[in-house]
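Undergrad: I need the structure of the sequence given here:
(chains A and B)
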Protein chains: 2
Amino acid sequence: MGKNLTTRAEDYSKWYNELVVKADLAENSGVRGCMVIKPYGYAIWEKMQAELDRMFKETGHENAYFPLFIPKSYFSKEASHVDGFAKECAVVTHYRLKNDEDGSIIVDPEAKLEEELIVRPTSETIIWDTYRKWIQSYRDLPIKVNQWANVVRWEMRTRLFLRTAEFLWQEGHTAHATKDEAIAEAEQMMRVYADFAEHFMALPVVRGTKTESERFAGALETYCIEALMQDGKALQAGTSHFLGQNFAKAFDVKFATKEGGQEHVWATSWGVSTRLMGALVMTHSDDNGLVLPPKLAPIQVVIVPIYKGEEQLDSISQVAKELKRELQLLGISVKFDDRDTHKPGWKFNEYELKGVPLRIAIGPRDLEKRTVELARRDTLTKETVSKDDIVSRVQDLLVEMQKSLFDKAKSFRDTHITEVETYDEFKDILENKTGFVSAFWDGTKETEERIKTETKATIRCIPLNVKEEEGVCVYSGKPAKMRVLFAKAY
Amino acid sequence: MGKNLTTRAEDYSKWYNELVVKADLAENSGVRGCMVIKPYGYAIWEKMQAELDRMFKETGHENAYFPLFIPKSYFSKEASHVDGFAKECAVVTHYRLKNDEDGSIIVDPEAKLEEELIVRPTSETIIWDTYRKWIQSYRDLPIKVNQWANVVRWEMRTRLFLRTAEFLWQEGHTAHATKDEAIAEAEQMMRVYADFAEHFMALPVVRGTKTESERFAGALETYCIEALMQDGKALQAGTSHFLGQNFAKAFDVKFATKEGGQEHVWATSWGVSTRLMGALVMTHSDDNGLVLPPKLAPIQVVIVPIYKGEEQLDSISQVAKELKRELQLLGISVKFDDRDTHKPGWKFNEYELKGVPLRIAIGPRDLEKRTVELARRDTLTKETVSKDDIVSRVQDLLVEMQKSLFDKAKSFRDTHITEVETYDEFKDILENKTGFVSAFWDGTKETEERIKTETKATIRCIPLNVKEEEGVCVYSGKPAKMRVLFAKAY
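TA: Numbers count the residues shown, from 1 in each chain, chains lettered A, B, ... in the order given. So this is what the prediction gives:
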């Protein structure tokens, strides 16, 4: 179709990179590892943000904003946290440039900061330093705050959306009087993320917990949602952490209990990022371009006129504009593309590439017959619909496509969870069939580490609904209590 | 009323600082010059964002996102731009921390960046470096993009919202084929800002242009909206810049014209920031706390029950919850504060401090008489309203208060624009009456500079509607063509 897109079969990774750029989602910038999110890509992110923000507020959270910079000393206060983030962070050391003698611009050596500032890779430390001022008594709890922000992690190998030095995200940080309440909060937010992924992104996810070595730096428990991409690799789509009292202790945050005692506060944090954009693209799209679930598509319906000459365009426009208005009244986003600079075939291509769920074409014969041509992006099928039925047909199809994309992804995911009993089987599945491998694990870090070294597969999660059963570890042969999900991952 | 707030008459500046903290809008953080925007303050900012974003989209703009970091070399490309921002910028020089031998955390000297990165103080340079890739032909124009982002300017003396090292803002960056179109865009965005200030913030503004020395670094013309605070000082509330071809030339951005030539692209940029929060507070609030225009108040109506014992509370709650639901159906945001941890008087105080426009109190006698007590925050007046009339009364009052706040601020502003003929008068007004001084100016930088040095007053703007007339410069006695507005400013 002239899109010049590498196919998934040829090179999945190249297909993804090309698609993100060609569909105008994002591109690399002149700054190493930092991307530019283009308007079309940002419009999808805005739709995600709006839904998530609504869900956060419905579960009692408020938004706030904390500083971009974190004094270096704050980092040192929680030992495992600094270990997790120190190796890849951007450090501000100076606060002024000046003209050098030769006229070039240099960093002014006299404008050195007394204490270096870290560009936040995550905000636990600056936020818990603030919470100390906010929390005195049980009456001040819980605090349920979220922020939408940019963060920086100095990744060496970056890929648009999936792994970038700077990315956009939201990070929730809550403070509670009891351990149980904090755990319930962390679990609730995992469910919120799962609901969002499944109902809006049409992305089926496995809910689970991480093993100790895969946990967030500073967490006692990390809940996660794990998705499977079309190439059989897993992608962690969101995490929610029960932080225990680690940050409260590091930042000395205590509260007066109802009973008159003093206790450290219990914490959670949870986040999803622009990485979800990568998951969205890799789950549904095909060799013709993006496929977007209707609920997140910036344009849900595009109307393209097929005409020769001004007069035909006028008559078609009249019909198109009326249809556009009717659909918009139902809350459907519609674009009528009457540009005369591009031919219909070019436009068809363009909107396929950009994943617009439904395309309506109206030509002179449609006018005569009072019909339109309706094309569906996911199946690439076309049908002729009478003008009287088109509005309800569009409504129905948008609902159907949302469901159908989820079902297709879920069926792919479900057929790519393979139970294995032996390490040979394990390696064979990873190599050939790909996907999640469900295997008994002896529960030790050593086994986890060796499997990772030998196969590049990590334990993606211990599924929430796992059943305890007697088994034998696929690697060590030692007794094991449950199956966990391994996979190669993004 | 026990708010312990310094009065405006005692110390306006102290009143402002205390109010911002006590009303839970923002507070200083552990990072020099960086603030924490607290949930209540952020909720107001979110309302501002939502309206502005809607207005930007209605005028054909799309959102996107560009990198936080700008390579140092980009800055050097536009000479006046680097002069304007180099002296106060945060510079990232390293990308890793490590454990020192003594166990402390230090910046890893081996992880030094080849080229230093500037934390964006504004994004013209990184954006025009990107636009070079986006623009080849007149068909690619115009580009009308906005981004919501954080920026950093290393200010030495900071004040919550008004001047902070990091602040939140939006920055629009547009690219056009012609000079006229770019000027029209810059003017349009000034009008959008003025509309927003007046219709949502209830903040009357003077629309005008800046003198050359007050222009944005890199602009050929800066349009601005200027407001007047209650202490008679001016505040620049938003700016929109016509950048000519300066950035297109610096970043080599040309386009093929319809006629087949090659020309540099014409540019604008425009922004408003969390500084507007400061303007909002300083324009309407009083010695009892915040006064918020209804359109931006996170809580528009609060209902407080006055009761003794569970039984009374139950009956009152029933009425309150029904009323709350009725108001919410009309799109009014309502809080029913039935906490038993605080007394009604404490709650009254709290919601006055936080500027909730309307307060409804319901006690046992109200139940008997089928009435409620309605209190208005701006005038601090109370009235008894029958239950049957309360919904329509609330609706009317919210509209009336929005208008009344604007009228009051406008009347203050209008009586604080004083035309003067002599320099003595000029200084007298600045010293005693304060406000804007309208005076003839000879149009030279020298005069502008001397007046600034001698009186601390700057030319806030050349009003858009200024009439050309023959006059004599208030300072130099030389011939002058028009009156401009001087003031001391935030």
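
Undergrad: Double-check residue A:471 against residue A:478; I have them as touching.
TA: No. Counting by CB atoms under 8 Å, residue A:471 does not reach residue A:478; the two are 10.1 Å apart. Just so you know, the C-beta spots here come from the backbone N, C-alpha and C atoms, and that holds for glycine as well.

Undergrad: other SSEs contacting the helix or strand hosting residue A:151?
TA: Using DSSP states H and E, residue A:151 sits within strand A:143-152. Under the contact criterion of 3 or more CB pairs under 8 Å, 6 or more residues apart in numbering or on different chains; DSSP states H and E, strand A:143-152 touches helix A:39-58, strand A:62-63, helix A:124-134, strand A:166-176, strand B:143-152.

Undergrad: so what strands line up beside it?
TA: strand A:62-63 (parallel), strand A:166-176 (antiparallel) (DSSP bridges).

Undergrad: List the contacts of it.
TA: Residues from elsewhere that reach strand A:143-152, judged by CB atoms under 8 Å, 6 or more residues apart in numbering or on different chains: A:49, A:53, A:56, A:59-66, A:68, A:89-90, A:119-123, A:127, A:131, A:134-135, A:165-175, A:185, A:273, B:39, B:68, B:149-150.

Undergrad: among these, which ones are buried?
TA: A:53, A:56, A:61-66, A:68, A:89-90, A:119-123, A:127, A:131, A:134-135, A:165-175, A:185, A:273, B:39, B:68, B:149-150 (16 or more other CB atoms under 10 Å in any protein chain shown).

Undergrad: Could you check the pLDDT of the residue in the stretch 201-350 of chain A that chain B sits nearest to?
TA: For the stretch 201-350 of chain A and chain B, the shortest gap (CB to the nearest CB) falls at residue A:341, measuring 6.2 Å. Confidence at residue A:341, expressed as pLDDT, is 86.

Undergrad: and what of residue A:411?
TA: 98.

Undergrad: and it, helix, strand or coil?
TA: helix (DSSP: H, G, I helix; E, B strand; the rest coil).

Undergrad: if I look at it, how far off is chain B?
TA: Residue A:411 sits at a distance of 34 Å from chain B (criterion: CB to the nearest CB, to the nearest Å).

Undergrad: Check residue A:466 too.
TA: For residue A:466, the distance to chain B - CB to the nearest CB - is 37 Å.

Undergrad: can you count the residues close to that residue?
TA: The local packing of residue A:466 (other CB atoms under 10 Å in any protein chain shown) involves 16 other residues.

Undergrad: That one and residue B:401: what is the separation?
TA: Distance, residue A:466 to residue B:401, using CB to CB, to the nearest Å: 58 Å.

Undergrad: Equivalent analysis for residue A:57, please.
TA: 26 Å.

Undergrad: Looking at the two, which one has more neighbours?
TA: Neighbours around residue A:57 and residue B:401, counted as other CB under 10 Å, are more numerous at residue B:401. The numbers are 24 against 12.

Undergrad: who in the stretch 201-350 of chain A is up against chain B?
TA: Contact residues, the stretch 201-350 of chain A versus chain B (CB under 8 Å from any CB of the partner chain): residue A:341.

Undergrad: Give me the below-cutoff pLDDT ranges for the stretch 1-150 of chain A.
TA: A:1-2 (pLDDT under 70).

Undergrad: Any idea how far stretch A:137-146 is from the middle of the chain?
TA: Computed by CA atoms, centre = their mean, to the nearest Å, the chain-centroid distance of stretch A:137-146 equals 28 Å.

Undergrad: And that stretch, what's buried?
TA: Those would be A:138, A:141, A:142, A:143, A:144, A:145, A:146, for stretch A:137-146 by 16+ other CB under 10 Å.

Undergrad: mind listing what residue A:99 touches?
TA: Counting by CB under 8 Å, 6+ apart, residue A:99 has contacts A:105, A:106, B:86.

Undergrad: are any of these buried, and which?
TA: A:105, B:86.

Undergrad: Go through the contacts of residue A:99 and say which is closest to residue A:44.
TA: residue B:86 (36.3 Å; CB to CB).

Undergrad: my read is that closest one is in a helix, agree?
TA: Yes. Membership of residue B:86 in a helix is supported by three-state DSSP.

Undergrad: wait, isn't it in contact with residue A:105?
TA: Yes. Using CB under 8 Å, residue B:86 is in contact with residue A:105, at 6.4 Å.

Undergrad: Which residues are in contact with each of the two?
TA: What both residue B:86 and residue A:105 touch, as defined by CB under 8 Å, 6+ apart, is the set A:97, A:98, A:99, B:75.

Undergrad: Got phi/psi on the last one?
TA: Looking back up the chat, that one is residue B:75. Note on residue B:75: its backbone torsions stand at phi -70, psi -30 [degrees, to the nearest 10].

Undergrad: who's in contact with it?
TA: A:97, A:105, B:81, B:82, B:85, B:86, B:118, B:125.

Undergrad: now, which of these sits nearest residue A:349?
TA: Nearest member of the contacts of residue B:75 to residue A:349, counting by CB to CB, is residue B:125, at 34.5 Å.

Undergrad: what sits against residue A:8?
TA: Counted by CB under 8 Å, 6+ apart, residue A:8 has contacts A:15, A:230, A:231, A:286, A:287.

Undergrad: and with 10 Å instead?
TA: A:14, A:15, A:16, A:19, A:230, A:231, A:282, A:285, A:286, A:287 (CB atoms under 10 Å, 6 or more residues apart in numbering or on different chains).

Undergrad: State the distance from it to residue A:335.
TA: Applying CB to CB to residue A:8 and residue A:335 gives a distance of 27 Å.

Undergrad: Likewise for residue A:221?
TA: The value you get for residue A:221 to residue A:335, if CB to CB is used, is 45 Å.

Undergrad: What of residue A:136?
TA: Taking CB to CB, one finds residue A:136 at 54 Å from residue A:335.

Undergrad: Would you state the helices of the stretch 301-450 of chain A in chain order?
TA: Assigned by DSSP state H, counting those that start in this stretch, the helices in the stretch 301-450 of chain A fall at A:309-329, A:344-353, A:364-369, A:390-414, A:423-428, A:445-455.

Undergrad: would a markdown table of the ones you listed with distance to residue A:226 be doable?
TA: A markdown table is the format used below for those (distance: least, CB to CB, whole Å):
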| stretch | distance to residue A:226 |
| --- | --- |
| helix A:309-329 | 36 |
| helix A:344-353 | 29 |
| helix A:364-369 | 46 |
| helix A:390-414 | 10 |
| helix A:423-428 | 18 |
| helix A:445-455 | 16 |
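
Undergrad: Which one, of those, ends up nearest to residue B:326?
TA: Checked against CB to CB, the stretch from the helices of the stretch 301-450 of chain A lying closest is helix A:309-329, at 26.6 Å.

Undergrad: coming back round to it: relative to chain B, which of the buried residues of stretch A:137-146 is nearest.
TA: residue A:145 (6.3 Å).

Undergrad: Identify the bridge partners of that closest one.
TA: Beta-bridge partners of residue A:145, as defined by DSSP bridges: residue A:62, residue A:173.

Undergrad: residues near residue A:188, how many?
TA: The burial count for residue A:188: 17, using other CB under 10 Å.

Undergrad: distance of it from chain B?
TA: 19 Å.
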